[in-house]
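>>> coords please:
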Amino acid sequence: RTPLASLRLYSDLIAEEEDPANRERYARELAAQTERLGRVVANVLEVTRIERGAFTLHPRPGEIGPAVEECIDRLRPQLAAASCPIHLRVAPGLPDVAFDADAIHHVVDNLVDNAEKYSRDVPDRSISVDVAPDQGGVAITVTDRGPGMAEELVREPRAFRRGASALAPAGLGLGLFLVHRIVRGHGGAIQSTSGVGGGASVRVFLPAFYKT
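Model (predicted):
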């Protein structure tokens, strides 16, 4: 309901606002909440497919760097509207991995969305996304500067389970569950670490593709 409430709020503000600068700001926020609502609906549909046993991946070998770049470029407008700068670093010479491009977009979307939500009340809202070679594959790491995240939410995610902390943002608890299933379906692994003084890093590992 949170995105729907925001859509109603900013629609009303746009209708009543006369200042062009404020109208533009409200319109950007409206677009950002529309994007978030689309992500919520997509997550619900994918989790429903998982529960029905109809969830399938179609991985193809290739460079994953451009796929991550495309996803981040699509997210930049909504992150800019939220005053949340994002920094992407893609290392050169990445090995090929076999991946389902649509599914990897779900992974990146949800990890960045979580990072944005968990860092709303901190001075430094910046998010870092690093794509780098790792032993036997490629690691995608999303890092925020928020209060951190409970490790069990990443290690043992369950649908509709959210953090018990009062600091946990609103949500359905589907994002990490879906990310975990997608990563495992690629033969990969996911883990999280908390930084000294706060912040969380979620690392997704995907194995390299070797021609036989």
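>>> for the protein, which segments count as strands?
If DSSP state E is used as the criterion, the strands of the chain fall at 60-62, 86-90, 97-99, 127-134, 137-144, 189-194, 200-207.
>>> worst mean pLDDT among the ones you listed?
Comparing mean pLDDT across these, the weakest is strand 189-194, with a mean of 86.
>>> paired strands for that one, with orientation please.
strand 200-207 (antiparallel) (DSSP bridges).
>>> residues contacting the closest residue to residue 25 other than its chain neighbours?
Once flanking residues are discounted, residue 25 sits nearest to residue 81: 7.6 Å by C-beta to C-beta, 6 or more residues apart in numbering. For glycine as for every other residue, the C-beta is placed from the backbone atoms N, C-alpha and C. Contact analysis of residue 81 by C-beta atoms under 8 Å, 6 or more residues apart in numbering lists 25, 28, 29, 31, 32.
>>> quick one, which of these are buried?
25, 28, 29, 32 (16 or more other C-beta atoms under 10 Å).
>>> what stretches of this structure score poorly on pLDDT?
The model of the chain has pLDDT under 70 over residues 1-3, 5, 36, 39-40, 42-55, 149-173, 195-197, 212.
>>> one more time with 80, if that's ok
Residues of the chain meeting the criterion pLDDT under 80: 1-10, 25-26, 28-55, 81, 147-175, 194-198, 211-212.
>>> quick one, helices of it?
Applying DSSP state H to the chain gives helices spanning 2-16, 20-51, 65-81, 101-118, 151-155, 175-185.
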